[in-house]
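>>> only geometry, no sequence info:
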Ligand SMILES: Nc1ncnc2c1ncn2[C@@H]1O[C@H](COP(=O)(O)OP(=O)(O)O)[C@@H](O)[C@H]1O
Ligand SMILES: CC(C)(COP(=O)(O)O)[C@@H](O)C(=O)NCCC(=O)O
Ligand SMILES: [K+]
(Lines give C-alpha, C1' and ligand atoms only; values in the text may rest on other atoms or scores of the structure.)
(Ligands and ions follow the chains in the order given, each with its own letter.)
Protein backbone atom coordinates (compact mmCIF):
# COMPACT_ATOMS: atom_id res chain seq x y z
CA UNK A 1 0.00 0.00 0.00
CA UNK A 2 1.03 3.56 -0.67
CA UNK A 3 1.50 6.20 2.01
CA UNK A 4 0.93 9.58 0.33
CA UNK A 5 2.03 12.66 2.27
CA UNK A 6 1.02 16.19 1.30
CA UNK A 7 2.81 18.72 3.46
CA UNK A 8 1.56 22.31 3.21
CA UNK A 9 2.77 25.32 5.19
CA UNK A 10 -0.12 24.88 7.67
CA UNK A 11 -1.14 21.22 7.63
CA UNK A 12 0.33 17.90 6.63
CA UNK A 13 -2.06 15.27 5.28
CA UNK A 14 -1.34 11.53 5.29
CA UNK A 15 -3.44 9.18 3.15
CA UNK A 16 -3.25 5.44 2.64
CA UNK A 17 -4.02 4.16 -0.87
CA UNK A 18 -4.69 0.45 -1.23
CA UNK A 19 -4.49 0.46 -5.04
CA UNK A 20 -8.20 1.11 -5.49
CA UNK A 21 -9.25 3.61 -2.85
CA UNK A 22 -8.05 5.70 0.06
CA UNK A 23 -8.43 3.69 3.25
CA UNK A 24 -7.83 6.66 5.53
CA UNK A 25 -6.79 10.30 5.58
CA UNK A 26 -5.27 12.00 8.64
CA UNK A 27 -4.12 15.57 9.18
CA UNK A 28 -1.50 17.03 11.51
CA UNK A 29 -0.19 20.59 11.92
CA UNK A 30 3.02 21.10 9.95
CA UNK A 31 5.97 21.38 12.33
CA UNK A 32 9.55 20.87 11.16
CA UNK A 33 10.65 19.86 14.67
CA UNK A 34 8.43 16.76 14.65
CA UNK A 35 10.58 13.64 14.54
CA UNK A 36 10.06 10.41 12.63
CA UNK A 37 9.27 8.67 15.92
CA UNK A 38 6.58 11.22 16.74
CA UNK A 39 4.96 10.80 13.32
CA UNK A 40 4.97 7.06 13.76
CA UNK A 41 3.40 7.08 17.22
CA UNK A 42 0.67 9.36 15.90
CA UNK A 43 0.09 7.34 12.73
CA UNK A 44 0.09 3.94 14.38
CA UNK A 45 -2.31 5.01 17.11
CA UNK A 46 -4.74 6.38 14.51
CA UNK A 47 -4.44 3.15 12.53
CA UNK A 48 -5.20 1.14 15.67
CA UNK A 49 -8.06 3.36 16.83
CA UNK A 50 -9.77 3.34 13.41
CA UNK A 51 -8.95 -0.35 12.84
CA UNK A 52 -7.20 0.56 9.60
CA UNK A 53 -5.45 -2.57 8.43
CA UNK A 54 -2.65 -1.13 6.32
CA UNK A 55 0.72 -2.49 5.32
CA UNK A 56 2.67 0.41 3.88
CA UNK A 57 5.21 -0.71 1.27
CA UNK A 58 5.80 2.52 -0.64
CA UNK A 59 5.59 6.25 -0.02
CA UNK A 60 5.47 9.55 -1.87
CA UNK A 61 5.93 13.04 -0.40
CA UNK A 62 5.02 16.50 -1.67
CA UNK A 63 6.23 19.24 0.63
CA UNK A 64 6.08 23.02 0.34
CA UNK A 65 8.25 23.12 3.49
CA UNK A 66 11.74 21.80 2.63
CA UNK A 67 12.76 21.38 6.30
CA UNK A 68 10.15 18.71 7.09
CA UNK A 69 11.27 16.34 4.34
CA UNK A 70 14.21 14.99 6.30
CA UNK A 71 12.11 13.57 9.14
CA UNK A 72 9.42 12.31 6.74
CA UNK A 73 12.13 10.41 4.85
CA UNK A 74 13.37 8.91 8.11
CA UNK A 75 9.79 7.87 8.95
CA UNK A 76 9.49 5.99 5.65
CA UNK A 77 12.92 4.38 5.88
CA UNK A 78 12.81 3.40 9.53
CA UNK A 79 9.20 2.36 10.02
CA UNK A 80 7.97 1.34 6.57
CA UNK A 81 11.26 0.10 5.17
CA UNK A 82 10.88 2.05 1.94
CA UNK A 83 12.56 4.94 0.17
CA UNK A 84 9.96 7.63 -0.54
CA UNK A 85 9.61 9.46 -3.83
CA UNK A 86 9.86 13.20 -3.21
CA UNK A 87 8.09 15.41 -5.76
CA UNK A 88 10.45 18.03 -7.13
CA UNK A 89 13.58 15.93 -6.61
CA UNK A 90 15.39 14.80 -9.77
CA UNK A 91 14.59 11.11 -9.23
CA UNK A 92 10.83 11.78 -9.19
CA UNK A 93 9.70 11.98 -12.83
CA UNK A 94 6.65 13.92 -13.95
CA UNK A 95 4.55 13.05 -17.02
CA UNK A 96 5.04 16.55 -18.48
CA UNK A 97 7.76 19.05 -17.50
CA UNK A 98 6.65 22.52 -16.32
CA UNK A 99 7.26 25.39 -18.72
CA UNK A 100 8.46 28.29 -16.54
CA UNK A 101 11.39 30.69 -16.33
CA UNK A 102 14.80 29.08 -15.97
CA UNK A 103 15.75 28.61 -12.31
CA UNK A 104 12.17 28.62 -11.00
CA UNK A 105 11.33 25.99 -8.40
CA UNK A 106 7.61 25.47 -8.72
CA UNK A 107 5.87 24.44 -5.50
CA UNK A 108 5.53 20.63 -5.54
CA UNK A 109 1.88 20.96 -4.49
CA UNK A 110 1.23 22.88 -7.70
CA UNK A 111 2.99 20.26 -9.83
CA UNK A 112 0.92 17.53 -8.18
CA UNK A 113 -2.33 19.46 -8.63
CA UNK A 114 -1.45 19.95 -12.29
CA UNK A 115 -1.03 16.20 -12.89
CA UNK A 116 -4.29 15.43 -11.08
CA UNK A 117 -6.30 18.21 -12.73
CA UNK A 118 -5.12 17.26 -16.22
CA UNK A 119 -5.92 13.59 -15.59
CA UNK A 120 -9.49 14.43 -14.60
CA UNK A 121 -10.26 17.34 -16.90
CA UNK A 122 -7.58 17.65 -19.59
CA UNK A 123 -6.48 21.19 -20.47
CA UNK A 124 -6.79 24.13 -20.55
CA UNK A 125 -7.40 24.37 -16.87
CA UNK A 126 -7.05 26.69 -13.87
CA UNK A 127 -6.67 25.04 -10.46
CA UNK A 128 -7.41 27.23 -7.46
CA UNK A 129 -5.95 25.88 -4.20
CA UNK A 130 -7.07 27.58 -0.98
CA UNK A 131 -4.14 26.78 1.33
CA UNK A 132 -1.79 28.94 3.38
CA UNK A 133 -1.41 30.79 0.12
CA UNK A 134 -4.16 30.84 -2.49
CA UNK A 135 -2.57 29.55 -5.67
CA UNK A 136 -3.79 29.48 -9.25
CA UNK A 137 -2.12 26.86 -11.43
CA UNK A 138 -2.48 27.20 -15.19
CA UNK A 139 -2.42 23.85 -17.00
CA UNK A 140 -1.86 23.72 -20.76
CA UNK A 141 -3.60 21.38 -23.18
CA UNK A 142 -0.73 18.86 -23.03
CA UNK A 143 -0.73 18.79 -19.21
CA UNK A 144 2.19 21.14 -18.60
CA UNK A 145 2.17 23.58 -15.71
CA UNK A 146 2.77 26.88 -17.48
CA UNK A 147 2.62 29.32 -14.57
CA UNK A 148 0.00 30.89 -12.40
CA UNK A 149 -0.71 33.28 -9.59
CA UNK A 150 0.17 33.28 -5.86
CA UNK A 151 -2.06 35.35 -3.56
CA UNK A 152 -2.01 35.56 0.24
CA UNK A 153 -4.19 32.90 1.81
CA UNK A 154 -7.54 33.69 3.38
CA UNK A 155 -6.47 33.01 6.96
CA UNK A 156 -3.21 34.85 6.43
CA UNK A 157 -5.19 37.96 5.43
CA UNK A 158 -7.37 37.70 8.52
CA UNK A 159 -4.29 37.27 10.73
CA UNK A 160 -2.59 40.26 9.13
CA UNK A 161 -5.66 42.43 9.78
CA UNK A 162 -5.79 41.34 13.41
CA UNK A 163 -2.03 41.75 13.95
CA UNK A 164 -1.82 45.21 12.41
CA UNK A 165 -4.92 46.84 13.89
CA UNK A 166 -5.24 47.04 17.67
CA UNK A 167 -9.05 47.10 17.68
CA UNK A 168 -9.60 44.22 15.27
CA UNK A 169 -10.12 40.82 16.90
CA UNK A 170 -8.95 37.42 15.72
CA UNK A 171 -11.84 35.89 13.78
CA UNK A 172 -12.53 32.84 11.64
CA UNK A 173 -13.46 33.15 8.01
CA UNK A 174 -17.20 32.79 7.32
CA UNK A 175 -19.71 33.79 4.69
CA UNK A 176 -21.54 36.79 6.15
CA UNK A 177 -25.31 37.11 5.67
CA UNK A 178 -25.01 40.63 4.33
CA UNK A 179 -22.27 42.59 2.56
CA UNK A 180 -22.76 45.61 4.82
CA UNK A 181 -21.59 44.55 8.26
CA UNK A 182 -23.28 46.17 11.26
CA UNK A 183 -20.60 45.08 13.75
CA UNK A 184 -16.81 44.79 13.65
CA UNK A 185 -16.67 41.04 13.13
CA UNK A 186 -19.29 41.14 10.36
CA UNK A 187 -17.40 43.99 8.64
CA UNK A 188 -14.15 41.99 8.72
CA UNK A 189 -15.81 38.82 7.52
CA UNK A 190 -17.41 40.69 4.66
CA UNK A 191 -14.12 42.26 3.64
CA UNK A 192 -12.28 38.99 3.58
CA UNK A 193 -15.08 36.82 2.15
CA UNK A 194 -16.30 39.13 -0.62
CA UNK A 195 -12.78 40.43 -1.16
CA UNK A 196 -11.64 36.89 -1.88
CA UNK A 197 -14.59 36.12 -4.14
CA UNK A 198 -13.64 39.25 -6.10
CA UNK A 199 -9.96 38.26 -6.12
CA UNK A 200 -10.67 34.79 -7.45
CA UNK A 201 -13.20 35.97 -10.06
CA UNK A 202 -10.91 38.80 -11.17
CA UNK A 203 -7.80 36.65 -11.51
CA UNK A 204 -9.65 33.93 -13.42
CA UNK A 205 -11.12 36.55 -15.77
CA UNK A 206 -7.68 38.02 -16.47
CA UNK A 207 -6.02 34.62 -16.92
CA UNK A 208 -8.71 33.66 -19.46
CA UNK A 209 -8.25 36.99 -21.21
CA UNK A 210 -4.47 36.52 -21.38
CA UNK A 211 -4.77 32.93 -22.65
CA UNK A 212 -7.66 33.89 -24.94
CA UNK A 213 -9.38 30.51 -24.76
CA UNK A 214 -12.01 28.76 -22.64
CA UNK A 215 -10.59 27.31 -19.40
CA UNK A 216 -12.29 25.16 -16.78
CA UNK A 217 -11.75 26.13 -13.15
CA UNK A 218 -11.32 23.48 -10.46
CA UNK A 219 -11.05 24.39 -6.76
CA UNK A 220 -9.37 22.50 -3.94
CA UNK A 221 -8.16 23.12 -0.36
CA UNK A 222 -10.00 23.34 2.91
CA UNK A 223 -11.83 26.59 2.18
CA UNK A 224 -12.91 25.83 -1.40
CA UNK A 225 -16.47 24.82 -0.55
CA UNK A 226 -17.02 27.94 1.56
CA UNK A 227 -16.03 30.19 -1.35
CA UNK A 228 -18.03 28.13 -3.84
CA UNK A 229 -21.10 29.44 -1.99
CA UNK A 230 -20.26 32.95 -3.16
CA UNK A 231 -19.44 32.38 -6.84
CA UNK A 232 -20.54 30.22 -9.77
CA UNK A 233 -16.98 30.11 -11.09
CA UNK A 234 -15.94 26.59 -10.14
CA UNK A 235 -16.74 23.61 -12.36
CA UNK A 236 -15.98 21.35 -9.43
CA UNK A 237 -14.61 21.23 -5.90
CA UNK A 238 -12.15 18.41 -5.42
CA UNK A 239 -10.80 17.98 -1.91
CA UNK A 240 -8.81 14.89 -2.90
CA UNK A 241 -7.07 16.52 -5.87
CA UNK A 242 -3.55 16.60 -4.41
CA UNK A 243 -3.81 13.04 -3.09
CA UNK A 244 -5.06 11.85 -6.48
CA UNK A 245 -2.04 13.53 -8.10
CA UNK A 246 0.36 11.83 -5.68
CA UNK A 247 -1.08 8.41 -6.58
CA UNK A 248 -0.75 9.19 -10.30
CA UNK A 249 2.86 10.37 -9.97
CA UNK A 250 3.78 7.30 -7.94
CA UNK A 251 2.20 5.01 -10.60
CA UNK A 252 3.93 6.93 -13.38
CA UNK A 253 7.34 6.48 -11.74
CA UNK A 254 6.77 2.75 -11.35
CA UNK A 255 5.59 2.35 -14.96
CA UNK A 256 8.57 4.23 -16.35
CA UNK A 257 11.16 2.74 -13.97
N1 LIG B 1 -12.78 23.41 6.55
C2 LIG B 1 -12.09 24.46 6.97
N3 LIG B 1 -12.70 25.52 7.57
C4 LIG B 1 -11.99 26.61 7.99
N5 LIG B 1 -10.68 26.73 7.81
C6 LIG B 1 -10.04 25.73 7.22
C7 LIG B 1 -10.68 24.54 6.75
N8 LIG B 1 -9.76 23.73 6.20
C9 LIG B 1 -8.58 24.39 6.30
N10 LIG B 1 -8.76 25.57 6.89
C11 LIG B 1 -7.74 26.57 7.14
O12 LIG B 1 -7.29 27.01 5.87
C13 LIG B 1 -5.90 27.28 5.91
C14 LIG B 1 -5.20 26.46 4.89
O15 LIG B 1 -5.23 25.13 5.30
P16 LIG B 1 -4.63 23.99 4.40
O17 LIG B 1 -5.48 23.83 3.18
O18 LIG B 1 -4.42 22.79 5.22
O19 LIG B 1 -3.24 24.70 4.02
P20 LIG B 1 -1.85 24.13 3.56
O21 LIG B 1 -2.12 23.12 2.48
O22 LIG B 1 -1.13 25.34 3.05
O23 LIG B 1 -1.16 23.53 4.76
C24 LIG B 1 -5.42 26.99 7.31
O25 LIG B 1 -5.35 28.20 8.01
C26 LIG B 1 -6.50 26.05 7.85
O27 LIG B 1 -6.62 26.16 9.24
C1 LIG C 1 2.86 29.00 -3.13
C2 LIG C 1 3.08 28.01 -2.01
C3 LIG C 1 3.66 28.72 -0.81
C4 LIG C 1 1.71 27.40 -1.62
O5 LIG C 1 1.89 26.55 -0.51
P6 LIG C 1 0.71 26.11 0.52
O7 LIG C 1 -0.29 27.19 0.55
O8 LIG C 1 0.12 24.84 -0.06
O9 LIG C 1 1.39 25.84 1.81
C10 LIG C 1 3.99 26.83 -2.48
O11 LIG C 1 3.45 26.26 -3.63
C12 LIG C 1 5.40 27.30 -2.76
O13 LIG C 1 6.18 27.46 -1.85
N14 LIG C 1 5.73 27.52 -4.05
C15 LIG C 1 7.04 27.92 -4.50
C16 LIG C 1 6.98 29.02 -5.52
C17 LIG C 1 6.20 28.68 -6.78
O18 LIG C 1 5.37 27.77 -6.79
O19 LIG C 1 6.44 29.36 -7.80
K1 LIG D 1 -1.93 26.33 -1.94
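Yep, that arrived. None of these values were measured; they are calculated from a predicted model. Numbers count the residues shown, from 1 in each chain. Ligands and ions are numbered 1, 2, ... in the order given.
>>> Quick check: closest non-adjacent residue to the residue in the stretch 1-150 of the chain positioned nearest to ligand 2.
Taking C-beta to the nearest ligand atom, ligand 2 has its nearest neighbour within the stretch 1-150 of the chain at residue 107, 2.0 Å off. In short, each C-beta sits where N, CA and C put it, glycine included. Spatial nearest neighbour of residue 107, excluding adjacent residues (C-beta to C-beta, 6 or more residues apart in numbering): residue 64 at 5.2 Å.
>>> ok, now residue 144?
Once flanking residues are discounted, residue 144 sits nearest to residue 96: 4.6 Å by C-beta to C-beta, 6+ apart.
>>> what about that neighbour, how many residues close to it?
Neighbours of residue 96 under the rule other C-beta atoms under 10 Å: 16.
>>> Which residue ranges of the stretch 1-150 of the chain form helices?
According to DSSP state H, counting those that start in this stretch, the stretch 1-150 of the chain carries its helices in the segments 36-49, 69-80, 108-121.
>>> dump the residue contacts of residue 196.
134, 154, 157, 227 (C-beta atoms under 8 Å, 6 or more residues apart in numbering).
>>> Need the max-distance pair from those residues.
157 and 227 (12.9 Å; C-beta to C-beta).
>>> Name the residue in the two with the higher neighbour count.
Taking other C-beta under 10 Å, residue 157 and residue 227 do not tie; residue 227 has more neighbours (24 against 19).
>>> Quick check: buried residues in the one helix or strand the more buried one maps to?
Using DSSP states H and E, residue 227 sits in helix 224-228. Going by neighbour count (16 or more other C-beta atoms under 10 Å), the buried part of helix 224-228 is 224, 226, 227.
>>> if we can go back for a sec, any idea how far the residue nearest to residue 144 is from residue 252?
According to C-beta to C-beta, to the nearest Å, residue 96 and residue 252 sit 10 Å apart.
>>> can you check residue 221 too?
Per C-beta to C-beta, residue 221 is found 24 Å from residue 252.
>>> which ones are touching residue 142?
96, 123.
>>> Measure how buried residue 55 is and give me the count.
8.
>>> Now do it, the pLDDT please.
Looking at residue 55, its pLDDT is 95.
>>> how about the nearest residue to it, chain neighbours excluded?
Once flanking residues are discounted, residue 55 sits nearest to residue 1: 5.8 Å by C-beta to C-beta, 6+ apart.
>>> I figured that neighbour was touching residue 17, is that so?
Yes. The pair residue 1 / residue 17 is scored as a contact, 6.5 Å apart, by C-beta atoms under 8 Å.
>>> show me the contacts for the residue nearest to residue 107.
7, 8, 9, 107, 108, 109, 132.
>>> Export those residues to CSV and append columns for distance to ligand 3 and pLDDT.
Compiled in CSV, the contacts of residue 64 are given as follows (distance: C-beta to the ion, whole Å; pLDDT from 0 to 100):
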residue, distance to ligand 3, pLDDT
7, 12, 98
8, 6, 97
9, 8, 97
107, 7, 98
108, 11, 98
109, 6, 98
132, 6, 96
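>>> Most widely separated two among the residues you listed?
Taking C-beta to C-beta, no two of the contacts of residue 64 sit farther apart than 108 and 132, at 14.0 Å.
>>> Thanks a lot, see you next time.
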